[in-house]
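Sequence plus the predicted model coming up.
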Amino acid sequence: MGAAVAAGLALGALTAPAAVAADHSGPRGAGAARPKVDTGSPVRVNQVGYPTHGPKKGTVVTPATKPLTWTLRDADGIRRAGGTTTPAGVDRSSRQNVQTIDFSEVTAPGTGYTITIGGKKSEPFTIGDNLYGSLRSDALAYFYHNRSGIKIDKKFVGDAYARPAGHDKKAPHRGDTEARCTKGVCDYRRDVSGGWYDAGDHGKYVVNGGISVAQLMSMYERTLTAPGADAAPLGDGRLRVPERGNGTPDVLDEARWEMDFLMRMQVPKGKPFAGMAFHKVHDKQWTGLPTRPDQDKQPRELRAPSTAATLNLAATAAQAARLFQPYDAEYAARCLEVARTAWDAAKAHPKKYAGDKDSVGGGAYGDRDVRDEFYWAASELFITTGEDTYRKAFLTSPLHGDTDALFPRVSGVSWASVAGLGALDLATVPNSLTGEQRAAVRSTVTKAADRYASFSAKSAYGVPYAPKGGAYEWGSNSQVLNNMVVLATAHDLTGKPRYRDAVLRGMDYLLGGNPLNQSYVTGYGERDSHNQHHRFWAHQLDPKLPHPAPGSLAGGPNSGLEDPISKKRMKGCAPAMCYTDDIMAFSTNEITINWNAPLAWISSYVADQER
Ligand code: 9MR
């Protein structure tokens, strides 16, 4: 559990041209209390659409306090349904007066539906049962696109997105194949090639890689136990990865690309801190935007091993060991061996923390509370081996059985709070806990889900996220999604529709049913984010470069406004409106593996509900 908000990161260290005008933000009048933003129609809907048998809700921003009439029309403009709105008062996240619309009764499939209120028409949307299948594969394609150390092949991504391998042997400084440590950390070089780039930057961080690869593995593992879950769309030959056709599910192939990197980050035998994992590898100095990965001229550096990184390695390698067993037993055995040595090394060095300040050339990912990492790693090692050492380790953890500690109010799980990953797996994956112990873990999951469902029910936008004090945090969209993962798991465990409905309402929020009328996923919805902060997908700065690939999730509103563009444009913004689709607004508009991973997980879950 670390400080999720770090101050004033120079993430963008900017050699980029002066920021290009944003799409959705206008200038702010001097002395104005709030930034002026073009939010389009006041009638807000999920711009992708609504599953035939799910809840169908929208929101209208209006000064009116009495119910209004809504009309639903089809693509030909013919009236298909109508009703009245429900006044909802002032929405805290936007500080706007709003009313809600409920058209759940409409179940006729179709595209191009709109809702009109007082002459104002919503963006068009679909009602149907095949809405989320493409998002499942696009959200996963994000990972292949962002692989390090391998050519991104046009066969899988098309011409615009193809690029040479980044940070491989040929890079200006032999890339990540012979990475050095920062001074004083090690006197040898390591091959830490491969893995995924973290985000808009080219850093590779074990703590963030850990939660991301775990969620990719879990979206697959869920299909082995959840009622009605379909493993086929994640299976061999189904995704756009070079390993397709090798007999292993494609989603596991993608996960292995990262697992191999994480294992390379382990300090070798005979060296100081052997068995631990280096915290991260990244550029010595920040590069500017745009920079294609193969054109990065900065030297790469490994930073000191940390207990948090080591436990991320232990947890994910233990999970990989059980999932790869049927496909590659030798690899599975190697993963388990790595997991065990990492656990032992973390026990030997339980307080080797990464600080919050090391943010030159890469992010800090500092964390000085590793009780949650111990909980997660022990759970995964126990599920895979059934051994008592690991069982005792989580059963005696102060976090065990404590819903609020396992699933903090703000976010079910996050890179800095990973105990819930262990609890979710203990609740769903077969293991040798007693029936009573298993029931206790499951009840922490459903209690947390009850809390997130009540957030959703209380919000006029249905968002299952309610940070204390109301301030939205860096990467708020991922926190919304991670709460949805807890809700979806509670639905898998109990079958109660209200958990599923809260997940679907969360999708509405992310795909346009929100105070900015903004779909935060590239390529999905009429008003989608497409200028996210990324060093290659930098079309806004260089028209020869592509926009982010479809299925890329923007971090979303961040009340902290922790970059110069956001500070300048959005001073005084209401929490859910602190967002601008500008490439330099890195504290609200970055994209990263640990945000796309829960997007992929949830897309798979919602696609399963449609069948
Ligand atoms: O996701 C991270 C967020 O929780 C922190 O508040 C923020 C500042 O420390 O950093 C975020 O992570 C960034 C990382 O440091 C570098 N790569 C991009 C990540 C997403 O913005």
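Looks like it came in fine. Residues are numbered from 1 along each chain as shown.

Nearest residue to the closest residue to the ligand within the stretch 401-550 of the chain in space, please, no chain neighbours.
Closest contact between the stretch 401-550 of the chain and the ligand, by C-beta to the nearest ligand atom, is at residue 474 (3.7 Å). The way it works is simple: take the backbone N, C-alpha and C, and place the C-beta from them, glycine included. Leaving aside its sequence neighbours, residue 474 sits nearest to residue 558 (C-beta to C-beta, 6 or more residues apart in numbering; 4.8 Å).

my guess is the one you found contacts residue 473, does it?
Yes - contact criterion C-beta atoms under 8 Å: residue 558 and residue 473 qualify, at 6.4 Å.

out of the two, which sits in the busier spot?
Between residue 558 and residue 473, counting by other C-beta atoms under 10 Å, residue 558 is the more crowded of the two (28 against 21).

Kindly list the longest helix within this structure.
Assignment by DSSP state H gives helix 435-458 as the longest helix of the chain.

buried ones in that one?
By 16 or more other C-beta atoms under 10 Å, the buried positions in helix 435-458 come out as 437-438, 441-442, 444-446, 448-453, 455-456.

For the following helix or strand past it, name the packing helices and strands.
Per DSSP states H and E, helix 435-458 leads on to helix 476-494 as the next helix or strand towards the C-terminus. Packed against helix 476-494 by the contact rule (3 or more C-beta pairs under 8 Å, 6 or more residues apart in numbering; DSSP states H and E) you find helix 206-225, helix 419-428, helix 435-458, helix 497-510, helix 593-609.

can you give me the mean pLDDT across helix 476-494?
Averaged over helix 476-494, pLDDT sits at 98.

Return the set of buried residues in that helix.
476-493.

Same question for stretch 116-130.
116-117, 122-127, 129.

which one of the residues you listed sits closest to residue 298?
Distance to residue 298, by C-beta to C-beta, is smallest for residue 123 among the buried residues of stretch 116-130, at 41.8 Å.

Check whether the helix or strand hosting residue 315 comes near the ligand.
Assigned by DSSP H and E, residue 315 belongs to helix 307-324. No - using C-beta under 6 Å from any ligand atom, helix 307-324 never reaches the ligand; the gap is at least 13.6 Å.

All further residue positions should be reported with the first residue as 22.
OK, 22 is where the count begins now, so the last one is helix 328-345.

chain center to that helix, what's the gap?
The chain centroid and the centroid of helix 328-345 are separated by 19 Å under C-alpha atoms, centre = their mean, to the nearest Å.

Now do it against helix 227-246, angle only.
On the basis of axes from the mean of the first three to the mean of the last three C-alpha atoms, to 10 degrees, helix 328-345 is oriented at 30 degrees to helix 227-246.

tell me the angle helix 328-345 makes with helix 440-449.
Going by the same axes, to 10 degrees, helix 328-345 makes 30 degrees with helix 440-449.

Report the rounded mean pLDDT for helix 328-345.
In the prediction, helix 328-345 has an average pLDDT of 99.

Check which helices and strands that helix is in contact with.
helix 227-246, helix 271-285, strand 298-304, helix 350-369, helix 392-406, helix 440-449.
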